[in-house]
Every structure is written in C-alpha cells, then in structure tokens.
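Participant: just to be clear, the model below is a prediction. Sequence and coordinates:
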Amino acid sequence: MAEPILTVKNLQKHFGAKNNPLRAVDDISFHVMPGETLGLVGESGCGKSTTGRTIINLYDKTGGEVEFDGRNNDRLSRKEQKQFHQKLQMIFQDPYASLNPRMTVFEILEEGYDIHKLYKKKKERREKIYGLLESVGLNREHANRYPHEFSGGQRQRIGIARALSFDPKLIIADEPISALDVSIQAQVVNMMKNIQKERGLAYLFIAHDLSMVKYISDRIAVMYKGKIMEIGEAADLYERPVHPYTKSLLSAVPQPDPHSEKGRRRISYDAGMHEYTEDEELELRDFGNNHLVYCSKKEYDSWKA
Amino acid sequence: MADKNVSELQPSDFEIVGNKTSETETLARKSISFWGEVSRRFIKNKLALIGFITLAIIIIGAICGPWISEFTYRQQNGDYNMAPNGTYWFGTDDLGRDIFTRVWIGARISIFIGFAAAIIDLIIGVAWGAVAGLTGGRTDEIMMRIADILTAIPYLLVVIILLVVMQPGLFPMIIALSLTGWVNMARITRSEILKLKNQEYVLAARTLGANNLHLIKRHLLPNALGAILVTMTLTIPTAIFTEAFLSYLGLGVPAPLASWGTMANDGYPALANAPWRLFFPGVLICLTIFAFNAVGDGLRDALDPKLRK
Amino acid sequence: MNEPILQMKNLEIDFKTYAGTVKAVRKVSFDVFEGETLAIVGESGSGKSVTNQAIMKLLPQPPAIYAGGEILFGGNNLLEKSEKQMERIRGNEISMIFQDPMTSLNPTMKIGKQITEVMLKHKKISSGDAKKRALELMELVGIPSPKKRLNQYPHEFSGGMRQRVVIAIALAADPRLLIADEPTTALDVTIQAQILEVMKDVQKNSRTSIIFITHDLGVVANVADRVAVMYAGEIVEIGSVDDIFYNPQHPYTWGLLGSMPDMNADKKEELRTIPGSPPNLVDPPRGDAFAARNPRAMKIDFEKSPPMFEAGKDHYAKTWRLHPDAPKTEVPEIIRDRYIQYNGGDQ
C-alpha cells in the first residue's frame, strides 16, 4: 500500500491561557492518501478550520506531529521548507477576502513565483500564469483585471488557480464553497474534481455542508469539540453512522425533497448521554472496513453488536 | 413591455439555438484600478474638490507669489501700515514690508512645516505601528506602552520646553511637532495591520511561503495606505495650526523670516488701525486648515470599502 | 383558497449606483394566503431580499427607487403609506426575522424587555399581561426555563437560542405576516433543524402567513407550501412545493435542483451545473434573462421576454418552453427520476 501524503498524529492546538486553554483541536490523528479526498465536517467551533490552518503552519501547534510527503514538518531544512510551501496549498472560504483588492489577477497568481524566485523570464512566467487561468476556466484577458470585477464563483476559481501554482500534492480546502450560490457551488466542485483527476492531488475538504462533502469525499471525518468522533468511507459513514453525534448531524440535513422532508425524524444529541466514568478509556475504535468511532470499551461492545 | 402578442409568433422563433455562456464569462464592467475608482469618487465629492482646488491655489501662490511681487519679504519700503492698494496688494506692515510677498513666503514656511512634520510622523509612525502590529505579543505591548507614555505627557509643555531650550527656529519647530505627533500615526497603522494580517489573502501569501518583509511590502502597506494617507492629510493642518499657535506665543520662526503664525502675532496689536496685517495671514490659515480637512474627509469617504460597488 | 392577505403586483425596484441603474426587481407579482408559507428561492442578486424589504419599506431611498407596481396588504397599497403609518404596521401586522441573530438583538437590553416592548408599543395591554404573554411566547419557541431567561441579556444565549428569541419578538404582536430572510443560514444544521421545527409549530398554532426567503432547497422542501423561484429580478416559476420539486418547468429551476447533490447522489456522475453567471442587471438582457445560460434556449428566448404560462393548477412558469409551438423539451433525467422515485413509480 502506498504511503499517506499527510499523516497527523495527536495534533493539538490550544488557544488562550495556559491554565485554562480553549482546546480547539484536542489530540486528533488521521491521514490522507495521495489522490484521495478526506472530508472534515462538523459544526461551527468544532475545530475543523483550526485543524487545517495548524497543518499548514498558519498556527503554531501546541502538540503532536504533522508529517507531509514523508517528512516531519518540525524538522525541515530550508530547502524542504520551500517544498512544503509549494506542495501543500490552501483554498480559503471567502472569495472576497482571499484576494488582495489592490492586485491584478496576474499579480496575485505570480506572487508564489516571486516568493520562490521561479520563472524569472517574463515570457515564461506569463505562459505559466495563462496556463493557470485556463485550468480554472478563465482566459488570459482576465489577467489584468482586479478581483472586484469578478463574481464570487470566478474569484474562487482564481483562488484555486493560485493554489495550483506549484502543482501541489495536497490542497487544504477550507469551506471553499460555503460562500457561493448553489449553482456556482456545483461548478466549483466539478472543477475541483476534474483537477484532482488530471493532477492526482489530494484534498482535505473542510466543510459543514454534508451533502456536498459526501459527494466529493472518499472518506469523511466528523469532528465535535476538537475531537474526531467518527471516520470512515463516505458511503459507509453516511449509511451506517455509529456515533450518536454523527447520527444527529446526518438527521438534520435537509434534503431537496418535500416528501421525505415531511417525514423527517430529527435525532438530537446530548454529550452528557454517554455517562462516561473517569476510568474509561476513550479512543477511536475500529468497527471494521476502516470505520473508526470515538468511544469507550463498553460502548464499543454494545454498538458493535 | 411591448411583447408581441403570443399568437403572432412564428414557428421559426422556437428554433433551438443553445446558450451563449461565453458571454456570461465576459466581464461587464470596464476595468478600473483601485486608485482610479477612488479618484473618481473623490471628484464627485464637491466639498473635497473645493478643498483640493483651494489647496492647489495656495500652493501655487506659495510657489509663484513671491516672484510676481516686485518686493522681497525683508525689503522695508518706507510706506508704513499702508492699506491694500495698487502697489501693495495686501498693504504693508509697521516696518513697511509688503504683506502680499510676506504672506506667500509665510505660506512656504507654514506648509513646509506642515509637510515636514507629517512626513516625519509618517516614517516613524508607520514603521513603529507596522512592527508592533505584525510581531504582536510582548514586543507590541512594550512598543505601544511607550507610545502611551508619550501621549500622556502634556504636549504643549514638551513643545514649549523644547523650543526654549533649543532656541526658536524652523528645525526645532519641526522636531517639537513630530516628537509626539507620530504616536497617532503609529496607532492607526498598527490597528490597520492587526486587521489586515488575518485577512485570507495575507494567510494565502503565508501558505505560499512569504516572509514578513514580503507581506508588508505586497499586502499590508498597500492596503493600509488609504488610512495612512487620510491620517497624514489630517496631520498637516494640525501641524500648521500648532505652528501658528506657537508663533503666537512668541515661539515661532525668528524675524525676518515670516510664517503665518508670526505674521498674525505681529499683526494682532495693530488690529485697530491696520486690520489687514492680521486679516490676510488669518484667512490663509483658516483656508488651508479647511482645505486639508475637506480633502482628508473626502479621501476617507472615497476609500471607504463599504461604498465600493 | 381564501383571500390573499398580501398581493404584490408588478413591483419594480431600481438602485442608483456608480455603475448605473440596477434593475434589481423587475415586475414581480405574487400573492400570500392566510396561514401558508411561501418560500422565495433564488441566488444572491436575484432580488429576493430586496423584494421583501420593499414590503416593510426598509430600503433606503436613495439609492433605492420604487419604480412601479403596488404591494396590497389588507387592500391598502403599502407603497403609498407614510413612514408614520408604516411604523404602526412594522412589528405589528408584518414582522421580519433577519439572517444574523447576533446583530438583530439589542445587547444592552434584557430579553424579556425586548419581547414585551413590541407588545406595549402596538397593543393596549398591561405590562403584567405582556410579561405573561412573553413567557408563553418563549415556551412556544422552545426556550427552556423561560422565567429565568426573561431576565438575561442576549450574550447569555447561544446562536440558536438567540434566533428563537428573535422569532418570539417577531411573533409578540401577533402579526398576520412574518417575513423570514434567510433565518437559518447563519446557523449550524442541527440548530437549523430545530428552528425550522419551531417555525412550523408556531404557524400551526397561529395561522400566521410566512414568507421564507432562502437559497437552500433542502430548507424549502422542509418548510414551504408554495415556492416562488426568482432569477435576475423576476419570478421565473411559482407553484406548490410538489410542483416545483417534482414537476418543475423552468430551465433555471431544473438547473437549481440539478446542481444540489442529495445524499443519494452518485459521485461518479458529475454534478449538473448551470454554466456561466447571472446577467448584469444594469443592462438586463432582452428576452428571457436565463437564455444565455440555457443549453436548450430557443431563438425567441433572446428576443422576447416570455409571459407567465400556466403549467398546471396554480403553477406558472415564465418560459417559452410552455408555448404550444415550442418543441418538446424533455425534463432532465435527474428530475424525472426523483419524481418517479418519490411517487412510487407512477408517471
């Protein structure tokens, strides 16, 4: 079996005071295989975005390890650091805030090459940037325009083009479609899937829209209060959710179908329902077929049955 | 709407021709740069435009005024306290010097002081604020406390002591004005940087491997420039006014040099018999301060992203 | 059906901007009947929010201009009412819930006071009765231990609880019409589900009519009795919720429905997308506004704006497809499949 492109081990990120920290990311572990899409879902404040930002070093982690492309990112030489910045990229949520309003599209796309001092010849650089634009369905006439002249969907495509500057191996997509209109969401998702097919890159797709996540992801991890509650193959997790939180989350997603909506049964979740005692060990336990669920031994036995 | 009656339609009208999506990808609006749009909005603001024109006239006057005049600012012509007339357009003072010439020489000095103080504020304030805002944490804390202490000391007291110690003159005046003036600029810059450094485009640059210098140059300063510029246009009139005020206290530039402040100071005792000696410098001080404020406000409105469409 | 409580007739709203006059709402007509929920769906810039802010006359003028049409509420044209008269209607006969529960409450006022204030302003009621009614309302919207909560400030409430408070305030004066502008968009799905349940319960008990503005078709399927689909400042299709989801007629409605994956979507298949982007309403296209994005557009679509064709009982669509001379265009497979699936195979 191939090596994972990204391995996260016991990652922690705390904010605020040392004696009473906010545990935004509380000891989570997962991996992403080359060319696969891992969906990371959860409600606001569950730590999914913090996870993404900590992996890409926008935040300093509090503990744990991140291994990207076979190298631990605590021990990178200068050259490897460059590689890290080129091969691991990010797409942001807000297509209005993620592009500098004072720069033209061309300047935005050449920024990475400037930073890494690549493609210094004018002509070479221009060709490269036109190529990026074309790969996201925009054309070279758009290069000299400013971001505010574009629609939300077009801007998000520019953000994707920027992330593709160095042919990355993994893109962390932090709610890339939640600020977009429905019909535009589909355009962007299709584009991301096509790019993945062509270039074989992997996505860590962070979102709260469960229908879209199911559609785009190979595997899905469900986060709640800084921890991963359940992780497994997309279809498996949606059809056979084990953890009560996952069940509750899935039961709340409205479907574009009036008949099934009429009969909707919402399942509510209360974290107190587990009644964990202090000596119980909580961890991700294997329910087979790479389907892991965060639970106690006792729950494991009863849920497994 | 003058729709054709439905029954008048031809079957050929219903031929399927498909979509024209290529058209929807073209950008409807004309390409216009950020500053292009700002200047367009600025020009639409009448008050700001008047301020700008007033300012232009005063600056042209400062450059050309002394040339046009047949006198020099220190020349004593023997006509004492003459009212404005054909020879002396703005009259003369008690030493027989031409007020028209002196007012424009004064403009040079006042405006020079204003700009110099603003530029020194700009250099120190922006550097201080940018470093504090970007590094954050302890450094930020210490730097901003120093700034707080500086503002806590009564400003006028510092200026007066300094001028007394250093002897009144052009450069002591500028130093006195900048001594605490930069703190405001530093605060504005810092708050802009704090706001900008968590913008997603700055994060995006960091994920591309950008260092702090790159971030400042490419993202932070260009986007903070608007606020900095507005602060600067509002610093200049304050400096001009403070200069006039200090001159009035007798701490201004020494004779025979003239600033508007020293001229007003000299003219005040003669208010009853030669009011023009106070009138002209006074009006120019007011006009200049008004003009800078109007331009500053206009710029702030023009730069306001909420008005961007 | 009974008499409509609100009738919008050919409403037109323009916005003056630096780029020119934006024709944000272009001849929009619809009725709202007593006790029903009309969902207005559309993407950003479709004019759905503007249309409804016009009912409350909340659009700042300038830049907004009421360029034509009328809004009849209980037989009176709201557009002709003075600001004073509108104040008596707002919060009393028509009330509104906004998207962001964080900013629609006054942070310095106790929750109880914010609820009773509306009643005291509009109804002849003693403050003791108002308080009793406030407790009832809080119970109705599912706020636990209302007695204690009455004396708390907004910051002591979670996002979902705040939106419940907002609903309680909106209902305080027993309005005949409630306009909910994306009331759940800022909330998490689990909270959203709760709020939708609350709104449905409330309606069952009070016969209040609701206009529910949203872009989320799942939410529409959940709450709506009837649906109006807006595109480029116009209503392009209006009908019962079943008509819109199982028998849609306008190509834009197909596009919307097709571009949203449901939980059963096959991931091998590409999502259906609507190509291109919506038109610029400074210079709206001649003919059907959707034509440029419609792969099956006809010649006429680029020339003449289509009228509303009747597609069934109380189901109208603004598309030339429904003209008798138009060639038969098949409903896309994905939508037909859904129809068959949910109707147990018939048709």
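Facilitator: Received the coordinates, thanks.

Participant: from here on, contacts and neighbour counts on C-alpha atoms
Facilitator: Fine.

Participant: enumerate the residues of chain A near chain B.
Facilitator: A:56-58, A:82, A:85-86, A:89-92, A:94, A:97-102, A:111-112, A:115-116, A:145-146, A:149-150 (CA under 8 Å from any CA of the partner chain).

Participant: need the phi and psi values for the nearest residue to A:S217 once chain neighbours are set aside.
Facilitator: Nearest non-adjacent residue to A:S217, counting by CA to CA, 6 or more residues apart in numbering or on different chains: A:T37, 4.9 Å away. Main-chain torsions, A:T37, degrees, to the nearest 10: phi -120, psi 120.

Participant: A:T37 contacts A:G200, correct?
Facilitator: No - with contact defined as CA atoms under 8 Å, A:T37 does not reach A:G200; the gap is 10.5 Å.

Participant: more neighbours: which of those two?
Facilitator: A:T37 (25 against 17; other CA atoms under 10 Å in any protein chain shown).

Participant: identify the residues contacting B:N45.
Facilitator: Contact analysis of B:N45 by CA atoms under 8 Å, 6 or more residues apart in numbering or on different chains lists B:G298.

Participant: give me the distance between it and B:G296.
Facilitator: 12 Å (CA to CA, to the nearest Å).

Participant: so does the longest helix belonging to chain A get close to chain C?
Facilitator: Of all the segments of type helix in chain A, defined by DSSP state H, the longest one is helix A:182-199. Yes - Helix A:182-199 reaches chain C (CA under 8 Å from any CA) through A:182-187, A:189-190.

Participant: helices or strands next to that helix in the packing?
Facilitator: With contacts taken as 3 or more CA pairs under 8 Å, 6 or more residues apart in numbering or on different chains; DSSP states H and E, helix A:182-199 sits against helix A:152-163, helix C:251-258.

Participant: highest mean neighbour count out of these?
Facilitator: Comparing these by mean neighbour count (mean count of other CA atoms under 10 Å in any protein chain shown), helix A:152-163 comes out on top with a mean of 25.

Participant: just after that one, pick out the following helix or strand.
Facilitator: strand A:170-174 (DSSP states H and E).

Participant: now the angle from that next one to helix A:152-163?
Facilitator: Angle, strand A:170-174 to helix A:152-163, by axes from the mean of the first three to the mean of the last three CA atoms, to 10 degrees: 150 degrees.

Participant: partner strands of strand A:170-174, parallel or antiparallel?
Facilitator: Using DSSP bridges, the strands paired with strand A:170-174 are strand A:88-91 (parallel), strand A:202-207 (parallel).

Participant: quick one: low-confidence ranges for the stretch 201-347 of chain C?
Facilitator: C:262-268, C:338-347 (pLDDT under 70).

Participant: next to chain B, which bits of chain C? Give me the list.
Facilitator: Checking chain C against chain B by CA under 8 Å from any CA, the hits are C:17-19, C:275-280, C:291-300, C:304-305, C:325-327.

Participant: swap in 6 Å and give it another go.
Facilitator: C:276-277, C:292-300, C:326 (CA under 6 Å from any CA of the partner chain).

Participant: just the element for whichever residue of the stretch 201-309 of chain B sits closest to chain A, please.
Facilitator: Nearest residue of the stretch 201-309 of chain B to chain A: B:Y201, at 4.1 Å (CA to the nearest CA). In this assignment (DSSP H and E), B:Y201 forms part of helix B:200-207.

Participant: quick check, central residue of chain B?
Facilitator: The centroid of chain B falls nearest to B:T233 when counting by CA atoms, centre = their mean (1.4 Å).

Participant: the strand or helix carrying that one packs against which elements?
Facilitator: Using DSSP H and E, B:T233 maps to helix B:221-248. Under the contact criterion of 3 or more CA pairs under 6 Å, 6 or more residues apart in numbering or on different chains; DSSP states H and E, helix B:221-248 touches helix B:99-135, helix B:260-267, helix B:276-303.
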